[in-house]
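>>> Sharing a model prediction with you, sequence too.
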There are 2 protein chains.
Amino acid sequence: MARKISESTVRRLSRYLRRLRELDARERRSVVSSAGLAQSTGTTAAQVRKDLSHFGSFGKRGQGYPVRALREQLEEILGLTQRWRVAVLGAGKIGSALLGYGYFTQRGFDVVAAFDSDQSRIGLDLGGVRVQPLSELKRTFEDRRVAIAIIATPVEAAQQSADMAVGAGARAILNFAPVKLDVPEGVAVREMDVTLELEGLCYMLTTGGPAADDTE
Amino acid sequence: MARKISESTVRRLSRYLRRLRELDARERRSVVSSAGLAQSTGTTAAQVRKDLSHFGSFGKRGQGYPVRALREQLEEILGLTQRWRVAVLGAGKIGSALLGYGYFTQRGFDVVAAFDSDQSRIGLDLGGVRVQPLSELKRTFEDRRVAIAIIATPVEAAQQSADMAVGAGARAILNFAPVKLDVPEGVAVREMDVTLELEGLCYMLTTGGPAADDTE
């Protein structure tokens, strides 16, 4: 379980989990085939079997995967058997949209704090979270044991915000600002850059179809 | 140029381009090394050289890459020498944040239309775009030659919105709803699922470091 798997694999595991949760909670299915899981997550049955084989054997050959057990095992692999505390830095348009996004709670993430440098935003209640000044960031991160910081500031403020979050103990950053952040080793960063995704789509439009699969 | 490259490669090319634009426009640098480009995009110099070698030779060994020429060539490879017209479906929190996001224009994307099924939102002006009813979608997509649809609806409405966009001629979809969309062959889809990225971060937090590199 300690062996490292690639970012693309982690991404697919997350997609399998999203689908398994639907099958379990909404569709009340108890078994799913690798082909079924592949079809609804945009990959191949062979890739599903390969990805899951990293973590030992699930189910029996020819009988499909048990939905509930596989769901629970993926939650454990991804570290989702505990809840995670998240803070949003930057309470502008993107930050506000995130703070009002109820889906986080369902998926195990609690947004417990929000920060902004703009006096006019401090004190606002956004989705039940009060916007605080940056001067309160360090104490709040420590008191509330915030593990993940979401950077939703303008580009110019992103690096400084990341530095403050890391200095206050955050070990993971989700970055909405379209800039590469410098962080110390051991701090995980994922980017959400809308234009990067749009550019990927343009490549597909220009070459006349989706990019090749990221099978490994 | 017609050969297919993988989605991870396209994503890295986009990151190189983002950096090259900064180097060119803001930092006025004329040459960059593969190591420099790697460092500021989160990959290795070997990966940079390999990715760029797909598209013929750039620059001379030992002299680095010419910033302006490489930038232009990447723009051409990614299909960014033309502007692209984008429509946003769903004018709730995420849709509104996207409509107010000035950065799109800078990067070659023109958001020309927005749609919602909620009567109370129709007619609103969001970032200079008037929210229209879905009944006007087909004609608007055709008249304005919209190539890319951004789905920012609740999960329940996402598939139907995608069907409408594809029926009206969209050939690429950026999907913010956390659900896998079914689209006809030849239609490109990219997902922006915040919880998927958060789960990736949790994996890293749990295993004690970033996932393995996606080098190919």
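Cool, the structure landed.

>>> From now on I want contacts and neighbour counts done on CA atoms only, so please keep to that.
Fine.

>>> pretty sure residue A:33 contacts residue A:63?
Yes. In this structure, residue A:33 sits in contact with residue A:63. The criterion is CA atoms under 8 Å, and the distance is 7.4 Å.

>>> Tell me which of those two has more neighbours.
Between residue A:33 and residue A:63, counted using other CA atoms under 10 Å in any protein chain shown, residue A:33 has the larger neighbour count: 19 against 11.

>>> quick one, what contacts that one?
For residue A:33, the contacting residues are A:63-65, taking CA atoms under 8 Å, 6 or more residues apart in numbering or on different chains as the criterion.

>>> measure it to residue A:65 for me?
Separation of residue A:33 from residue A:65 (CA to CA, to the nearest Å): 6 Å.

>>> what's the burial count for residue A:100?
Neighbour count of residue A:100, defined by other CA under 10 Å: 16.

>>> and the spatially closest residue to it that is not a sequence neighbour, how many residues sit next to it?
Leaving aside its sequence neighbours, residue A:100 sits nearest to residue A:127 (CA to CA, 6 or more residues apart in numbering or on different chains; 4.6 Å). Residue crowding around residue A:127 was assessed by other CA under 10 Å; the count is 14.

>>> pLDDT score for residue A:127?
At residue A:127 the predicted local confidence, pLDDT, stands at 90.

>>> How about residues contacting whichever strand or helix holds residue A:150?
Element membership for residue A:150 (DSSP states H and E) is strand A:148-151. When contacts are defined by CA under 8 Å, 6+ apart, strand A:148-151 is touched by residues A:84-90, A:158, A:161-162, A:165, A:170-177.

>>> who does it pair up with?
Looking at strand A:148-151 with DSSP bridges, its partner strands are strand A:84-89 (parallel), strand A:172-175 (parallel).

>>> Report the mean confidence score over it.
Computed over strand A:148-151, the mean pLDDT rounds to 98.

>>> In the helix-or-strand element of chain A with minimal mean pLDDT, which residues are buried?
Comparing every helix and strand of chain A by mean pLDDT, DSSP states H and E singles out helix A:103-106 as the least confident one, with a mean of 83. Residues of helix A:103-106 classed as buried by neighbour count (16 or more other CA atoms under 10 Å in any protein chain shown): residue A:104.

>>> C-terminal to the top strand by length along chain A, what's the next element?
Among the segments of chain A that qualify as a strand by DSSP state E, the longest is strand A:109-116. Using DSSP H and E, the helix or strand that follows strand A:109-116 in sequence is strand A:125-126.

>>> tell me the helices in chain A, going along the chain?
A:7-21, A:34-39, A:45-53, A:67-77, A:93-99, A:103-106, A:137-144, A:155-167, A:194-207 (DSSP state H).

>>> hang on, residue A:146 packs against residue A:83?
No. Between residue A:146 and residue A:83 there is no contact under CA under 8 Å: 10.9 Å.

>>> Of those two, which one has the most company?
Using other CA under 10 Å, the more surrounded residue of residue A:146 and residue A:83 is residue A:146, with 24 against 13.

>>> For beta bridges, what are the partners of the spatially closest residue to that one that is not a sequence neighbour?
Among residues not flanking residue A:146 along the chain, residue A:85 sits closest, at 4.9 Å (CA to CA, 6+ apart). According to DSSP bridges, residue A:110 are recorded as the beta-bridge partners of residue A:85.
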